[in-house]
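S.K.: got a sequence here, can you model it:
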Amino acid sequence: MEQPGDQAEKTIPVIEDSAVSKQTKGQTTAVTEGQPEKEPVEPVQFLAGCGQSVGRQRDHNEDALFTLTTNLITDIRQIPFGLYIVADGMGGHQNGEKASASAVRAMAGHILRKLYIPLLYPAAKPPEQSIQEIMQEGVHEAHRSIIKQAIGGGTTLTTVLLLGDQMTIAHVGDSRVYLFQPDGKVEVITRDHSLVKRLEELGQITAEEAAVHPQRNVLYRALGQGEPFDPDTSSTPIPHGARLLICSDGLWGQATEQELSEIVWTAQSPELACQQLLDLANASGGPDNITAILVKLPD
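M.R.: Presented below is the predicted three-dimensional model:
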């Protein structure tokens with residue numbers, strides 16, 4: 001099963017408010033006599049769209065998603081906040097649906113309690129834990145929720161948190177996060193926790209063989225299955241001008257990176273792009289549930 005090197009990356013130190021958000025004092029304010037008028041600063045905004053389809057060969061939906069995009073702007077600081085979650089359930093009609101829904105609710109609730117709600121208080125202080133630690137706790141809470149509410153079910157769970165100028169990802173399973181750079185580069189910034197991906201990493205099969213392998217849907221990591229474990233976590237500066245796509249394998253398994261990229265960059269909005277991505281997967285047969293969240297990052 002797991003090999004050396006599968007452990008999650010070490011958590012990062014607590015990020016102070018000055019690092020989480022660029023303090024902008026250039027918002028429109030009253031002008032004090034004798035002082036020059038401040039130039040207004042354009043707020044940093046994340047623009048997100050989402051879409052979901054049962055597909056063409058399933059009669060029920062085992063995927064779940066969550067999106068929240070907000071912006072806290074005051075005279076002294078600006079804190080853009082985005083939380084995006086995709087879960088792809090497994091374990092049959094009821095268990096798969098329950099597992100993915102339970103995981104998304106638990107993960108979103110944990111992050112909102114620990115990070116989002118405290119931002120609303122006037123004297124907000126940085127959390128005692130690092131953001132990665134908070135994300136890891138959320139995944140463990142989601143795991144426990146599935147054990148209680150969806151016995152026998154399991155799910156992937158891929159979470160992207162955009163806070164200030166930092167992006168943090170917590171990931172389990174084979175849903176994916178794609179990064180589309182303005183220069184045309186496309187990168188999968190999560191690692192599939194699947195049997196065929198492990199075989200590919202070990203050099204036992206090629207990427208082409210992995211794409212058609214009969215066990216390509218078998219996971220060696222999933223929430224609700226076996227003992228709890230730490231998710232893959234990472235924190236990086238937000239890649240400005242890029243696009244983030246968080247999706248289940250019902251999308252990426254039916255489309256090439258070139259096809260995804262063309263839609264991401266040509267659609268008039270993230271919402272329209274997601275609908276076109278669903279149409280693309282269904283046009284290719286739609287063998288699975290399809291979930292997509294697309295985030296346009298500021299320049």
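
S.K.: model confidence over stretch 222-235, on average?
M.R.: Across stretch 222-235, the average pLDDT comes to 87.

S.K.: cool, stretch 183-203 as well?
M.R.: Average pLDDT, stretch 183-203: 84.

S.K.: can you give me the buried ones in the helix or strand that Phe66 is a member of?
M.R.: Using DSSP states H and E, Phe66 maps to strand 63-73. Going by neighbour count (16 or more other C-beta atoms under 10 Å), the buried part of strand 63-73 is Asp63, Ala64, Leu65, Phe66, Thr67. No exception for glycine: its C-beta is placed from N, CA and C like everyone else's.

S.K.: repeat for stretch 123-132
M.R.: Judged by neighbour count (16+ other C-beta under 10 Å), stretch 123-132 contains these buried residues: Pro126, Ser130, Ile131, Gln132.

S.K.: avg pLDDT for the longest strand belonging to the chain?
M.R.: Counting residues, the longest strand found in the chain (DSSP state E) is strand 78-90. Averaging pLDDT along strand 78-90 gives 95.

S.K.: how far off centre is it?
M.R.: Distance of strand 78-90 from the chain centroid (C-alpha atoms, centre = their mean, to the nearest Å) equals 5 Å.

S.K.: show me where this structure has helices.
M.R.: Per DSSP state H, the chain carries helices over the ranges 17-20, 93-111, 117-119, 131-149, 195-201, 207-211, 249-252, 257-266, 270-283.

S.K.: could you tell me how far Ile246 is located from Arg77?
M.R.: Distance, Ile246 to Arg77, by C-beta to C-beta, to the nearest Å: 27 Å.

S.K.: these two - which one has more neighbours?
M.R.: Higher neighbour count among Ile246 and Arg77: Ile246, with 27 against 19, using other C-beta atoms under 10 Å.

S.K.: quick revisit: among the helices of the chain, which is the most enclosed?
M.R.: Of the helices of the chain, the one with the most neighbours on average (mean count of other C-beta atoms under 10 Å) is helix 249-252, at a mean of 26.

S.K.: let me know the average pLDDT across that helix.
M.R.: Helix 249-252 comes out at a mean pLDDT of 95.

S.K.: show me what the strand holding Phe66 is packed against.
M.R.: strand 47-53, strand 78-90, helix 93-111, strand 290-296 (3 or more C-beta pairs under 8 Å, 6 or more residues apart in numbering; DSSP states H and E).

S.K.: ok, which of those comes nearest Asp192?
M.R.: For Asp192, the closest of the helices and strands packed on strand 63-73 is strand 78-90, at 11.7 Å, according to C-beta to C-beta.

S.K.: so what strands line up beside the closest one?
M.R.: Within its sheet, strand 78-90 is paired with strand 63-73 (antiparallel), strand 154-155 (antiparallel), strand 157-163 (antiparallel), according to DSSP bridges.

S.K.: rewinding a little: now the longest strand of the chain and helix 93-111, what's the angle there?
M.R.: Angle of strand 78-90 versus helix 93-111, following axes from the mean of the first three to the mean of the last three C-alpha atoms, to 10 degrees, is 160 degrees.

S.K.: right, and the strands paired with strand 78-90 - which one's nearest Asp232?
M.R.: Nearest to Asp232, of all the strands paired with strand 78-90, is strand 157-163, at 9.5 Å by C-beta to C-beta.

S.K.: doesn't Thr236 make contact with Gln132?
M.R.: No: using C-beta atoms under 8 Å, Gln132 is not in contact with Thr236; the gap is 11.4 Å.

S.K.: roughly how far does Leu120 sit from Thr69?
M.R.: Note on Leu120: its distance to Thr69, by C-beta to C-beta, is 16 Å.

S.K.: with Pro118 instead?
M.R.: According to C-beta to C-beta, Pro118 stands 18 Å off from Thr69.
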